[in-house]
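Undergrad: model this:
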Amino acid sequence: MNALFAHRRAVSLAAGLLCFALLGYAYYAQFQLGLEPCPLCIFERIAIFVLGIALLLAALPAGRQLVLRRIAALLVLVVGLAGVGIATRHVYIQSLPPGQVPVCGATLDYMYEVFPLLDVLRKVLTGSGECAKIDWTFLGLAMPAWVLIWVLVLTVLGFAINWRRGAAT
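TA: This next block holds a predicted model:
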């Protein structure tokens with residue numbers, strides 16, 4: 001574990017690049033496998049993208065400036081927790097019995113055209129029928145569960161290695 005802390009910038013860089021690899025697979029699943037993302041999937045993608053950017057920023061040289069590293073660590077934590085919240089909500093919706101699943105709503109594009117941004121966020125985060133659909137699994141877990149696992153791991157790792165006092169490189 002100390003090896004991770006000794007190479008803070010390299011680990012942050014690798015974690016940031018992993019976020020973009022996860023996004024690459026999401027686009028592969030969409031355009032090659034034909035899996036259309038639901039509104040919560042889109043927000044999960046945004047969270048992973050911003051987490052990747054935060055981790056890449058954390059990989060920039062901060063030298064011994066503990067304040068800059070801690071700001072990067074807090075940015076990773078805040079963005080990661082938002083991603084965890086979205087993915088948790090998605091996993092919850094997918095776990096509901098068929099009779100309790102919310103009805104399908106309008107498409108995300110349509111909602112952006114018709115509703116103010118805060119209304120769109122509220123409608124998306126409450127989920128809808130298309131968010132409950134499971135059309136892809138790996139090792140028995142649907143894609144939102146994998147998003148939750150990866151975002152949680154990358155957030156904890158990114159925060160821990162950038163918050164630690166002795167990790168100067």
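Undergrad: Surely Ala145 and Val91 touch.
TA: Yes. Ala145 is within contact range of Val91, at 5.4 Å (criterion: CB atoms under 8 Å). C-beta here means a position set from N, CA and C on the backbone, and glycine is covered the same way.
Undergrad: Let me know the secondary structure of the most centrally placed residue in the chain.
TA: Geometric centre of the chain, nearest residue: Ile48, 3.5 Å, by CA atoms, centre = their mean. At Ile48 the chain is in helix, as set by DSSP: H, G, I helix; E, B strand; the rest coil.
Undergrad: The one 3 residues further on too?
TA: Three-state secondary structure (criterion: three-state DSSP) places Leu51 in helix.
Undergrad: wait, doesn't it sit right on Ile86?
TA: No. Using CB under 8 Å, Leu51 is not in contact with Ile86, being 11.3 Å away.
Undergrad: For these two, indicate the residue with more neighbours.
TA: For the pair Leu51 and Ile86, the greater number of neighbours falls to Leu51 (28 against 25), based on other CB atoms under 10 Å.
Undergrad: for the helix or strand His90 falls within, packing partners?
TA: Element membership of His90 [criterion: DSSP states H and E] is helix 66-95. Contact here means 3 or more CB pairs under 8 Å, 6 or more residues apart in numbering; DSSP states H and E; on that basis helix 66-95 packs against helix 39-58, helix 129-132, helix 143-163.
Undergrad: which of the residues in that helix are buried?
TA: Neighbour counts over helix 66-95 (16 or more other CB atoms under 10 Å) mark 68-70, 72-73, 75-77, 79-80, 82-84, 86-91, 93-94 as buried.
Undergrad: That one to helix 143-163, inter-axis angle?
TA: 170 degrees (axes from the mean of the first three to the mean of the last three CA atoms, to 10 degrees).
Undergrad: Isn't Ile134 up against Ala142?
TA: Yes. Contact criterion CB under 8 Å: Ile134 and Ala142 qualify, at 4.6 Å.
Undergrad: Determine the residues that are contacts of both of these two.
TA: Gln94 (CB atoms under 8 Å, 6 or more residues apart in numbering).
Undergrad: For the two, indicate the residue with more neighbours.
TA: More crowded of Ile134 and Ala142, by other CB under 10 Å: Ala142, with 18 against 12.
Undergrad: which residues touch the more buried one?
TA: Counting by CB under 8 Å, 6+ apart, Ala142 has contacts 91, 94, 134, 136.
Undergrad: from those residues, which two are the most distant?
TA: Val91 and Trp136 (13.7 Å; CB to CB).
Undergrad: Which helix or strand in this structure has the lowest average pLDDT?
TA: helix 2-6 (a mean of 54; mean pLDDT, DSSP states H and E).
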